[in-house]
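> one predicted model, sequence on top.
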There are 2 protein chains.
Amino acid sequence: MALIVQKYGGTSVGTVERIRGVADRIVRYREAGHQVCVVSSAMSGETNRLDALGKEVVERPLAREMDVLLASGEQVAVALLAIALTARGVPAQSFLGFQVAMRTDAAHGRARIEQIDTQALRAALEAGTVPVIAGFQGVSPTGAVTTLGRGGSDTTAVAVAAALSADECEICTDVDGVYTADPRVEPKARRLGTITFEEMLELASLGSKVLHPRSVEFAGKYQVPLRVLSTFEDGEGTLITMEQDNMEQPVVSGIAHARDEAKITMSGVPDIPGVASKILGPVSAAQIEVDMIVQNTGADGLTDFTFTVKRADYESALDLLRPVREKLGARALEGDNSIAKVSVVGVGMRSHAGVATRMFDALAEENINIQMISTSEIKISVVIAERYLELAVRAIHGEFGLDGKPS
Amino acid sequence: MALIVQKYGGTSVGTVERIRGVADRIVRYREAGHQVCVVSSAMSGETNRLDALGKEVVERPLAREMDVLLASGEQVAVALLAIALTARGVPAQSFLGFQVAMRTDAAHGRARIEQIDTQALRAALEAGTVPVIAGFQGVSPTGAVTTLGRGGSDTTAVAVAAALSADECEICTDVDGVYTADPRVEPKARRLGTITFEEMLELASLGSKVLHPRSVEFAGKYQVPLRVLSTFEDGEGTLITMEQDNMEQPVVSGIAHARDEAKITMSGVPDIPGVASKILGPVSAAQIEVDMIVQNTGADGLTDFTFTVKRADYESALDLLRPVREKLGARALEGDNSIAKVSVVGVGMRSHAGVATRMFDALAEENINIQMISTSEIKISVVIAERYLELAVRAIHGEFGLDGKPS
């Protein structure tokens, strides 16, 4: 008998019919002798509907009250799921943030879980009841309703699994695992049987929408075995594991990509200390997220500074930097909002030289020009023109021998 | 400066536009120097939508989880209202059941308020913040979400007003007060400036949908001055007051009516002790609400037993009573599902003889046959054929001098 925490995403509970299906799935786990603790997102579309409602009242609604508004979505889902389970003869009980004592900080809209009181959950489990916990929500030290930000239900599930010392945390979703690349881009992509936390973290932050990065970080920190699998089909999914040194790792585990990127270059900037912060300061002050940053200094004592932002932030970032360019006396400010980012990820590349070279060669063979390069210990990312994205992913996927059938 | 509790019904907060209007209305009270504490229902239609969702999962959903589901409706409304108020520069804060510590018993779906912790509300009011309290919901002794049943937000408002010793509790709704009769039936009906709690209680339970009877009872018990008025138009509305003995009361304050009634008669029943409970027992066991009950005994030692039920329960009540008739050896079981009830209500009739006679005469003049009569200290009800309903209301309204302009 194992204790399994299962998280169901919005698509999994998107209709009453699907909620019934989820209840059936939970019943099967119970019949196999497992204890199950459930975390649910809001029905798909609900969070967006509620968010739009709040913004219809006023453009910048109060963050505290937006949390009260948004948290109602998960409340509806857990009630319906508990009703469906009880109708199948399985005792179930919903738990809202305040009822779990899901204590967070007071940062409305992006609160962080600080503590979970497992007493009520353990009592329910011991009584044979399935706790159905509202994901995404918590309660601040002063008793206000908080939310964890988009994708927060994944984090709720991992936190609950860690607090209960669960045997596994299942992220039940509409895909059947983590793939070596996006199958819509590379039809030869195959499902990975296992992947390390570090790789998953890079993949998640690089735009593979399967898991929220914070939940992966959390799972790694508390060593919660995490599994991504399909709500709708049977299968093993992908197990996210601790790195095991004695295991032979493939050089590259997967290829991630991100569209919707834009790059901005300020060139001919006098290369004096503090230039980087003078350029990025106003951008981050405007809450614009900066991703890759590259700086090159030429022989003339002038430097070229390039960074990428989300495409939606492109125009406002340019607007912010025009006065900065004048002030710094830089030669030019230019940008490109039709770029994409492709990355290879793999803990195996730590011990294998030449991964970057193989990647760059594969792109060169397809005549794809590399505009920016950024590397980390287990990841190499390049920025290319968006129109080459699919071609690039397929070329690299083949180069590293990822094509084939599911492992 | 007065402390006013204002309750807004579902129609008043039915759209974002109307929520903005409610916020404006609250701002006007604040600008007039008052402290305002708000109680809100769910946006109109939401409670029905959520109720249907739960029943789509299973015909008889778990009451505990239905409360979690339904309570989300008020949660959305209070968040939106607090957002709208804050956008107008008025500090506001939503309070859910658990945050007010709106302690109820554990009777899910029809919980009763036991205690309110006013500490947080008072702190908010003293800080100049408008508390926006979710109506209809509370929290049980074990921390479960409860709801008070339909119309429960009225009760929440009265309970909050009582706990805060508010100067007045305003029920802001889509009508501009309590009328001497339903204006759709009697165009000469006029708005009452004041009405006593007892009269209001009779009117509410007789089908005047303005106020929930439990809230009126509550207000009477805790002597909370209650006012019914329009959210959408300016006006004094109707103040519901303690009875004042030194005031000259009109004989009759208003005429109430109820359609959708049906009557059932078992005639020729041997008149032995326990017959009434043998007839009504199976009916009430089936959760069918019985309204008027009349029993007459003739000279032959046989009795006729008649009672009224909601029209929707007519057929099932008849089905239940067929075997009872056989068992008792009664002569006949018959019924009529096209009847209506008309009542005159007024504390003034206590000290005035002949009110019944005047009412019966007025009906006789219109050739309206009276089928049943039932009286209480401040009310006389008659059952007539439904087709005479409008005629009866108008005849009685005129007889007691209620026609005219608003007081």
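Yep, that arrived.
> wait, what's in contact with the residue of the stretch 201-350 of chain A found nearest chain B?
Going by Cβ to the nearest Cβ, chain B is nearest to A:T231 of the stretch 201-350 of chain A, at 16.9 Å. Using the backbone N, CA and C atoms, a C-beta is placed for each residue, glycine as well. With contacts defined as Cβ atoms under 8 Å, 6 or more residues apart in numbering or on different chains, A:T231 is in contact with A:Y8, A:G9, A:T11, A:S12, A:R18, A:G21, A:V22, A:R25, A:C172, A:T173, A:D174.
> my guess is the second one contacts A:A157. True?
Spelled out, that is A:G9. No: checked against Cβ atoms under 8 Å, the pair A:G9 and A:A157 is beyond contact range at 10.1 Å.
> which neighbours do those two have in common?
A:I171.
> give me the buried stretch members for the helix or strand hosting A:V393, please.
A:V393 is part of helix A:389-399, with elements assigned from DSSP states H and E. By neighbour count on 16 or more other Cβ atoms under 10 Å in any protein chain shown, the buried set for helix A:389-399 is A:L389, A:E390, A:L391, A:A392, A:V393, A:R394, A:A395, A:I396, A:H397, A:E399.
> so how far is A:V269 from the residue lying farthest from the centre of chain A?
Distance from the C-alpha centroid of chain A, by Cα atoms, centre = their mean, peaks at A:D300 (41.7 Å). Using Cβ to Cβ, to the nearest Å, A:D300 is found at 11 Å from A:V269.
> residues contacting A:A362?
A:A395, A:I396, A:G398, A:E399.
> among those residues, which one sits closest to chain B?
A:I396 (46.4 Å).
> thought the closest one was touching A:L363?
Yes: in this structure, A:I396 is within contact of A:L363 by Cβ under 8 Å, at 7.3 Å.
> can you classify the residue farthest from the centre of chain A by secondary structure?
Classification of A:D300 by DSSP: H, G, I helix; E, B strand; the rest coil places it in coil.
> near chain B, which residues of the stretch 101-250 of chain A?
A:G143, A:A144, A:V145 (Cβ under 8 Å from any Cβ of the partner chain).
> mind showing which ranges of chain A have poor pLDDT?
Residue ranges of chain A with pLDDT under 70: A:205-208, A:243-249, A:299, A:405-407.
> mind listing what's buried in the lengthiest strand in chain A?
Identified as the longest strand of chain A according to DSSP state E is strand A:254-270. Across strand A:254-270, burial judged by 16+ other Cβ under 10 Å covers A:254-258, A:261-269.
> got it, and stretch A:50-61?
Buried residues in stretch A:50-61, defined by neighbour count with 16+ other Cβ under 10 Å: A:L50, A:D51, A:L53, A:G54, A:E56, A:V57, A:V58, A:P61.
> next up, the contacts around the second one.
For A:D51, the contacting residues are A:M66, A:L69, A:L70, taking Cβ under 8 Å, 6+ apart as the criterion.
> show me where chain A has its helices.
With DSSP state H as the criterion, chain A has helices at A:16-31, A:46-57, A:63-87, A:97-100, A:119-126, A:152-164, A:197-205, A:213-221, A:275-285, A:314-328, A:355-365, A:389-399.
> so which of those gets nearest B:D117?
With Cβ to Cβ, the closest approach to B:D117 among those belongs to helix A:97-100: 14.8 Å.
> do that closest one and chain B meet?
Yes: using Cβ under 8 Å from any Cβ, helix A:97-100 comes into contact with chain B via A:F98, A:Q99.
> so how far is that helix from its chain's centroid?
25 Å (Cα atoms, centre = their mean, to the nearest Å).
> thanks again, I'm all set now.
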